[in-house]
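Engineer: return atomic coordinates for the entry below.
(2 chains)
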Amino acid sequence: MKPSGFVPFVHGDAVPRRKVPILEIAEFRKALLDAIQGGQRLVSWSGHEAGDGSVELLAVLADDVNGTLAAAVTRVRDGYPSVTPECPQAHWFEREIAEQWAIKPEGHPWLKPIRFHAPYRAGASMPGGEGSPLPGVTDYFHMEGDEVHEVAVGPVHAGVIEPGHFRFQCHGETVFHLEIELGYQHRGLERHLRGGPDRKTVHYLETAAGDTTIGHATAYAHLVEQLASVRVPSRAQVLRGVALELERLANHTGDLGALAGDVGYLPTASYCGRIRGDWLNLTAVLCGNRFGRGLVRPGGLGVTVDAAAIAEVQKRLDALEKDLTSAVELLWSTNSVMARFEETGCVSRQDAEMIGLVGPAARASGIARDIRNDFPSGIYRYAHIPVGAWHSGDVFARAFIRWTECQRSIAFIREQLSMLGEGAVQVACGLLAPDTLAVSLVEGWRGEICHVALTDPAGRFAHYKVVDPSFHNWFGLALSLRNQAISDFPLCNKSFNLSYCGHDL
Amino acid sequence: MTWDSLCAYVLALVVAPLLTGIINRVKAMFAGRHGQPLLQAYFDLAKLLRKGAVYSGTTTWVFRTGPVAGLAAVLVALAFVPLGKVPALVSFNGDFLLVAYLFGVMRFVTVMAALDTGSSFEGMGASREVQFSALAEPAWFMGLVTVIYVSGEWSLSPALAGVSSGVWGPAGSAMVLVGLAWLGVFLTENSRIPVDDPNTHLELTMIHEVMVLDHGGPDFAFILYGAILKLWTLGAFLVSLVTPYRTGMVLLDLGYGLAGMLILAMVVGIIESIMARLRLVRVPHLLLTATAFALLALFLVMR
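Structural biologist: All right, here's what the predicted structure looks like:
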């Protein structure tokens, strides 16, 4: 008798499907809730056809303390008792499953579509919605009362950003509740990945969220390498790590600049805007593309990086560190900026734990959660990056965490490049193991990227699930706006800077 | 009415758009950028005037009246305000009340036009604009009462002309306080940092800009030009306060006034470059502080 119904395994080890227990729904539910109660986290929960008309739900749990993962499946036909009331971090997963497979989680407190597409199961329809739904056309949380008013923003925004709809319930300038509706960017990515991997797969995943090209490509490559039992050459592992940290630096720098811009603080906004471009250019020095497309490939790298490129990166790194430091330090020393950042958009540690925040947003709420440390793969097994956390959970914390991470990423890149060995950067990936489950976790700049794949008897993807960090964190943004001034929304939004397309897939 | 007054009025109409160019250039310098051309505001106005306007089907004549009436109000107000120590075109006892309420009219028609669109953003912007200007008014008036008390004149031109180098000696501290109070009012009324961010595209944080989101073409040109003239007019109060005396030479007096306005534009640019916007709920604190400064100035001169 296993302690929980979930079968534990180590990150990086693919698990044969027959070893993943198929539990009865009651047993599954209890095991899941017990695990969450015991401090584990839900990193992925998704459905796929079981073949007999029912839907198989595969849940993957992460035990951050012990560094182990656990998986189990259950089969459901039309509905099951929702786990959200007892486990709020499942709420978005259950809405996703309900939308994709027309399976009703009975008792879900707020069951609505999240991407607004027709269900995958033929003839079925999302509970409450028939036909092909339109994004944003749905019921909204609504308040009534004197002087309560509703503000709707989007899906088309004033800036050049992605589409999303925000509905505020306000009392004067104070926000009582924010509801976020996404789905405008839904491309059906995961469904296209079935039957793969093929020539297109890596390109789909590089563009799952364009600003996280390296993150998603690394997660995919790591997944394929597990399934093909391939050992990646160490030079390729190091360069993947360097590219991932460069991506983090570019985006964190851009975010710090945009945060300054949102409070109207010009110097940091301008300098960081420029420096972000310089970080992207460093990635281009490595692989020829500023966003790192074509760099990470299953089995290693898609490009060879010569010594001249490495020397160039090292040279520019020093100058950039200096520029970035002086631009960012201005933020902390300017009182008018700190007055805007501090105590704005607070997410308590308790709330962050409950809804399962990941990445810098979680670390800013005091949770030292970082895949590079908890579930390291590749170079991170050998080179540890210290995890920083800050307790206040406000905009300042989310900005400051980004800065500490920038500093550590720079140190990491410098150290790794100084002792970079020679050798091959690519090995061939053979056939994938048939009937196997593989889970890949990567700490992208926004947080935990989780890819889950199941292979069929021929070693093709029977099921592929992508969980972008934004999937966990969008609700954190909604919580941060409670009892805040509506004029601080752009600032809070920028402090999370979540992906629309990464969520919508 | 004298020739130099007329020259000052025409100067304001022609040169005012340059102020925004200077502000933007100073900000660009701080940011390490080249910045837009100094004459960008003129280009923008010319471009907008050539365009057609789009009107939403939900709006009425109120929406179309706003820009025209607003510009008309500020054009009249400008005629009452001296530049440096050059007297204004028109002046009579108690004209400062008319000027205050001409700005009131400008605000009223802008707010009505904003509310006419029925947009929730514009409603929020209107509510903010009205709230903050109601708090800015006492500071402006208290400063003016101090100036009137010092000079003993009941009309804007002679009153501000009365604050000469002779007054700055004995009542210098009071005048500094009035200047600070008016600077606060100036920044608030013209939607500058730290109260509003004229560069932001974020409709939820805007004050003035969000009220005029639905205007386009010539209407928007009128709004833009009206805002530019308001910047000039309110700035002229500050410049007149600190200009030491009238030389009597037309060119020199006008030169003083113009230089004062250009320096003020640079000061605004510097303020916008070195500090962030206030949190919206803190804006009233700024305005109450400005009022307190003006009151303190009044007590000092009445002592």
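Engineer: nearest to chain B: which residue in the stretch 151-300 of chain A?
Structural biologist: residue A:270 (3.5 Å; Cβ to the nearest Cβ). C-beta: built from backbone N, CA, C; applies to glycine.
Engineer: what number of residues lie near that residue?
Structural biologist: Counted with other Cβ atoms under 10 Å in any protein chain shown, the neighbours of residue A:270 add up to 21.
Engineer: mind checking the SS state of it?
Structural biologist: Three-state assignment for residue A:270 (DSSP: H, G, I helix; E, B strand; the rest coil): helix.
Engineer: do I have it right that it meets residue B:33?
Structural biologist: Yes - under the criterion of Cβ atoms under 8 Å, residue A:270 makes contact with residue B:33 at 6.2 Å.
Engineer: now do the contacts for residue B:198.
Structural biologist: B:191-192, B:208-209 (Cβ atoms under 8 Å, 6 or more residues apart in numbering or on different chains).
Engineer: out of those residues, which touch chain A?
Structural biologist: Among the contacts of residue B:198, no residue lies close to chain A (Cβ under 8 Å from any Cβ of the partner chain).
Engineer: any stretches of chain A with poor pLDDT?
Structural biologist: A:1-4, A:123-132 (pLDDT under 70).
Engineer: quick one on the thing from earlier: apart from its neighbours in sequence, what residue is nearest the residue of the stretch 151-300 of chain A closest to chain B?
Structural biologist: In space, and not counting its chain neighbours, residue A:270 is closest to residue B:31: 3.5 Å by Cβ to Cβ, 6 or more residues apart in numbering or on different chains.
Engineer: what about the residue lying farthest from the centre of chain A, which SS state?
Structural biologist: Distance from the C-alpha centroid of chain A, by Cα atoms, centre = their mean, peaks at residue A:146 (39.5 Å). Three-state assignment for residue A:146 (three-state DSSP): coil.
Engineer: near residue B:264, how many other residues are there?
Structural biologist: Residue B:264: 23 neighbours (other Cβ under 10 Å).
Engineer: er, residue B:238 actually
Structural biologist: Residues near residue B:238, counting by other Cβ under 10 Å: 22.
Engineer: can you list the residues of the stretch 51-200 of chain B near chain A?
Structural biologist: B:120-121, B:123-124, B:127-128, B:193-194, B:197, B:199-200.
Engineer: in stretch A:158-175, which residues are buried?
Structural biologist: Buried residues in stretch A:158-175, counted by 16 or more other Cβ atoms under 10 Å in any protein chain shown: A:158, A:162-170, A:173, A:175.
Engineer: just want the residue of chain B that's nearest chain A.
Structural biologist: Closest residue of chain B to chain A, Cβ to the nearest Cβ: residue B:31 (3.5 Å).
Engineer: from memory that residue sits against residue B:269, does it?
Structural biologist: No - with contacts defined as Cβ under 8 Å, residue B:31 does not count as touching residue B:269, sitting 10.7 Å away.
Engineer: need phi/psi at the residue farthest from the centre of chain A.
Structural biologist: In terms of degrees, to the nearest 10, the main-chain angles of residue A:146 are phi -60, psi 130.
Engineer: where's it relative to residue A:171, distance?
Structural biologist: 9 Å (Cβ to Cβ, to the nearest Å).
Engineer: just the terminal-to-terminal distance for stretch A:387-394.
Structural biologist: End-to-end distance for stretch A:387-394, by Cα to Cα, to the nearest Å: 18 Å.
Engineer: in it, what counts as buried?
Structural biologist: For stretch A:387-394, the neighbour count (16+ other Cβ under 10 Å) marks A:387-390, A:392-394 as buried.
Engineer: from the chain's centroid, how far away is that stretch?
Structural biologist: 18 Å (Cα atoms, centre = their mean, to the nearest Å).
Engineer: re the thing from before, who has more neighbours, residue B:31 and residue B:269?
Structural biologist: Under the criterion of other Cβ under 10 Å, the comparison of residue B:31 against residue B:269 puts residue B:269 first, with 24 against 18.
Engineer: list the contacts for the more buried one?
Structural biologist: Neighbouring residues of residue B:269 by Cβ under 8 Å, 6+ apart: B:22-27, B:30.
Engineer: which one among those residues sits at the bottom for pLDDT?
Structural biologist: Within these, residue B:30 has the lowest pLDDT, namely 89.
Engineer: quick check: residue B:143 vs residue B:163, distance?
Structural biologist: To residue B:163, residue B:143 is 11 Å away according to Cβ to Cβ.
Engineer: these two - which one has more neighbours?
Structural biologist: More crowded of residue B:143 and residue B:163, by other Cβ under 10 Å: residue B:143, with 30 against 25.
Engineer: longest single helix anywhere in the chain?
Structural biologist: In the absence of a named chain, this looks at chain A. helix A:234-262 (DSSP state H).
Engineer: I was thinking of chain B, sorry if that wasn't clear
Structural biologist: Longest helix in chain B, counting residues (DSSP H): helix B:120-151.
Engineer: what helices or strands is the helix or strand that comes right after it leaning on?
Structural biologist: As assigned by DSSP states H and E, the chain's next helix or strand after helix B:120-151 is helix B:156-162. Applying 3 or more Cβ pairs under 8 Å, 6 or more residues apart in numbering or on different chains; DSSP states H and E, we find helix B:156-162 packed against helix B:95-116, helix B:120-151, helix B:217-242.
Engineer: next, format these as TSV and append mean pLDDT and distance to residue A:490.
Structural biologist: Below are the helices and strands packed on helix B:156-162 laid out as TSV (pLDDT from 0 to 100; distance: least, Cβ to Cβ, whole Å):
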stretch	mean pLDDT	distance to residue A:490
helix B:95-116	94	20
helix B:120-151	92	13
helix B:217-242	94	23
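Engineer: nearest to residue A:222, of the ones you listed?
Structural biologist: Residue A:222 sits nearest to helix B:120-151 of all these, at 45.0 Å, using Cβ to Cβ.
Engineer: chain center to that closest one: distance?
Structural biologist: Here the centre of helix B:120-151 is set off from its chain's centre by 11 Å, with Cα atoms, centre = their mean.
Engineer: residues contacting the residue of chain B closest to chain A?
Structural biologist: Residues near residue B:31 by Cβ under 8 Å, 6+ apart: A:266-267, A:269-271, B:273.
Engineer: wait, isn't residue A:229 in contact with residue A:433?
Structural biologist: Yes - the pair residue A:229 / residue A:433 is scored as a contact, 7.1 Å apart, by Cβ under 8 Å.
Engineer: what is in contact with those two at once?
Structural biologist: The contact sets of residue A:229 and residue A:433 overlap at residue A:14 (Cβ under 8 Å, 6+ apart).
Engineer: which of these two has more neighbours?
Structural biologist: Neighbours per residue (other Cβ under 10 Å) separate residue A:229 from residue A:433, with residue A:433 holding more: 18 against 12.
Engineer: where's the nearest residue to that one once chain neighbours are set aside, which helix or strand?
Structural biologist: Among residues not flanking residue A:433 along the chain, residue A:227 sits closest, at 5.1 Å (Cβ to Cβ, 6+ apart). Secondary structure assigned from DSSP H and E places residue A:227 in helix A:213-228.
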